[in-house]
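In: Fold the following for me, if possible:
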Amino acid sequence: NVAETQVVLWDRILDRLAGPNPPAILCVDPRETPVARAATVHLAPLPGTNVALMNGILHEIIQHDWVDHEYVERHTVGYDDLVTLVADYPPEHVAGICGVPADRIRTAARLVGNAERLLCTVLQGFYQSNQATAAAVQVNNINLVRGMLGKPGAGVLQMNGQPTAENTRECGADGDLTGFRNWANDSHVQELADLWNVDVDQIPHYAPPTHLMQMLRYAENGTLEFLWVSATNPAVSLPDLPRVRSILSQDRLFLVVQDAFLTETASLADVVLPAALWGEKTGTFTNADRTVHLSEQAVEPPGQARSDLDIFLDYARRMDFRDRDGKA
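Out: Residues are numbered from 1 along each chain as shown. A predicted model of the protein is given here:
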């Protein structure tokens, strides 16, 4: 819902819609948002059925040969497997899964399949939902079969609910190591160890980072007994919420939540650390065009609230963390 989460961008979209040569908009959202009302086509699937819907659109694109075969041949692998997979998802079958009329699926696919330039974006409702990885992959596949990656004015634009969330999605990198360094790149890890003046072995990099759902599995079976949640609300944003809330509520799990608000997750916490909001601290955020912006402190944080960095530094001092020369 760009109208609520990226309001400046939405104003620019409205300007384009009101001007000459307006773009067509396909909105996928179970709700009738301002974006849905302004869209050329609005698809309202049942929550959790995004994969089937994407499969149905891909089925139509391939069925009508709206495919850039030269691009697919040069830049992709596994196209035949994709054709086989989506063959089982004609619009009538998808309509029975998603609750979206078959004709509307065809209309959406025609819009995507005939676009001169295609710009796709998804938000948390998509990539924090059921089968999120598979659904996101199919969005990528739509752009690949249409030859839209690397084409001016086209491609996949990562959108996030907050500008700070953009920081962990830079050019295919993530936020597991500082500055988007790759845990699998020995030179990256060595550079970080040199900067921090610690031994390389102190920086976890022997296997892929433990993702959140795996952390919760560890907490569920008692392997993980301490969890620190900062600036996110998993008791609302994750799939299978009854299970997630049950895990976070366990007596054997010590839960720390660092947030500016008493969120649903904070309500389950053993300790809540009040954090400063963006206007109450100095920092940077990354915009959708990958430019980094300085955000200077405007007001002092209220009460006991402090910036996230100050909280982490204070914790490190109290834990007496030191580098290899013994310096704090």
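
In: residue ranges of the strands in the stretch 51-200 of the chain, please?
Out: Listed from the start of the chain, the stretch 51-200 of the chain has strands (DSSP state E, counting those that start in this stretch) covering 119-120, 155-156.

In: which stretch among those comes nearest Glu4?
Out: Ranking the strands of the stretch 51-200 of the chain by their distance to Glu4 (criterion: Cβ to Cβ) puts strand 119-120 first, at 19.2 Å. The C-beta positions use only the backbone N, C-alpha and C, and glycine is treated the same way.

In: partners of the closest one in the sheet?
Out: strand 155-156 (parallel) (DSSP bridges).

In: what is the mean pLDDT for the strand it pairs with?
Out: Computed over strand 155-156, the mean pLDDT rounds to 88.

In: what's in contact with it?
Out: Residues outside strand 155-156 that contact it (Cβ atoms under 8 Å, 6 or more residues apart in numbering): 119-121, 139-140, 143, 148-149.

In: 7 Å - rerun?
Out: If you take Cβ atoms under 7 Å, 6 or more residues apart in numbering as the criterion, strand 155-156 is touched by 119-120, 139-140, 143, 148-149.

In: list the buried ones in the helix or strand bottoming out on mean pLDDT in the chain?
Out: Least confident element among the helices and strands of the chain, by mean pLDDT, DSSP states H and E: helix 124-127 (a mean of 76). Neighbour counts using 16 or more other Cβ atoms under 10 Å place 125-127 of helix 124-127 among the buried residues.

In: got JSON lines for these, with distance to Ala260 too?
Out: Shown next, in JSON lines, are these (distance: Cβ to Cβ, whole Å):
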{"residue": "Gly125", "distance to Ala260": "23"}
{"residue": "Phe126", "distance to Ala260": "26"}
{"residue": "Tyr127", "distance to Ala260": "24"}
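
In: Can you tell me which of those residues is nearest Gly303?
Out: Gly125 (33.0 Å).

In: Just the pLDDT at the closest residue to that closest one other than its chain neighbours, thanks.
Out: Leaving aside its sequence neighbours, Gly125 sits nearest to Asp29 (Cβ to Cβ, 6 or more residues apart in numbering; 7.0 Å). Asp29 carries a pLDDT value of 94.

In: so where's the stretch 101-250 of the chain uncertain?
Out: Across the stretch 101-250 of the chain, residues meeting the criterion (pLDDT under 70) sit at 160-175.

In: Which residue, other than its chain neighbours, is closest to Leu118?
Out: Met148 (4.6 Å).

In: Look up phi and psi at the one you found.
Out: phi -100, psi 0 (degrees, to the nearest 10).

In: Surely it is in contact with Ala154?
Out: Yes - judged on Cβ atoms under 7 Å, Met148 makes contact with Ala154 at a distance of 4.1 Å.

In: Wait, a helix at Thr284?
Out: No - under DSSP: H, G, I helix; E, B strand; the rest coil, Thr284 sits outside any helix and is assigned strand.

In: That one bridge partners, please.
Out: Thr284 forms beta bridges with Leu294, as assigned by DSSP bridges.

In: Give me the contacts around stretch 230-250.
Out: 124, 128-130, 216, 219-220, 255, 258-259, 263-265, 268, 275, 308.

In: Mind checking which of those are buried?
Out: With burial judged by 16+ other Cβ under 10 Å, the buried subset of the contacts of stretch 230-250 is 129, 216, 219-220, 255, 258-259, 263-265, 268, 275, 308.

In: How about the contacts made by Phe226?
Out: Phe226 neighbours (Cβ under 7 Å, 6+ apart): Phe254.

In: Give me the distance between it and Val8.
Out: 39 Å (Cβ to Cβ, to the nearest Å).

In: for Glu70, same thing?
Out: 37 Å.

In: ok, now Leu149?
Out: 26 Å.

In: which one of those two has more residues nearby?
Out: Taking neighbours as other Cβ atoms under 10 Å, Leu149 and Val8 compare with Leu149 leading, 15 against 10.

In: The more buried one: what's it in contact with?
Out: Contacts of Leu149 (Cβ under 7 Å, 6+ apart): 143, 155.

In: Isn't the residue nearest to Gly125 up against Arg37?
Out: No - using Cβ under 7 Å, Asp29 is not in contact with Arg37; the gap is 10.6 Å.

In: out of the two, which sits in the more crowded spot?
Out: Neighbour tally, Asp29 and Arg37, criterion other Cβ under 10 Å: the higher count belongs to Asp29, 17 against 10.

In: Phi and psi next, for that one.
Out: Dihedral angles for Asp29 - degrees, to the nearest 10 - are phi -160, psi 130.

In: and Val257, helix, strand or coil?
Out: Assignment for Val257 (three-state DSSP): strand.

In: Which ones among the buried ones among the contacts of stretch 230-250 lie within helices?
Out: 216, 219-220, 308 (DSSP state H).

In: Which pair of the residues you listed spans the longest distance?
Out: Pairwise distances across these (Cβ to Cβ) peak at 27.0 Å, for the pair Glu220 and Asp308.

In: coming back round to it: dump the buried ones among the contacts of stretch 230-250 into a markdown table; add distance to Tyr79 as well.
Out: What follows is the buried ones among the contacts of stretch 230-250, written out as a markdown table (distance: Cβ to Cβ, whole Å):
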| residue | distance to Tyr79 |
| --- | --- |
| Ser129 | 26 |
| Leu216 | 35 |
| Ala219 | 40 |
| Glu220 | 39 |
| Leu255 | 45 |
| Gln258 | 45 |
| Asp259 | 44 |
| Thr263 | 43 |
| Glu264 | 43 |
| Thr265 | 42 |
| Leu268 | 46 |
| Ala275 | 47 |
| Asp308 | 44 |
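
In: Perfect, I'm done here.
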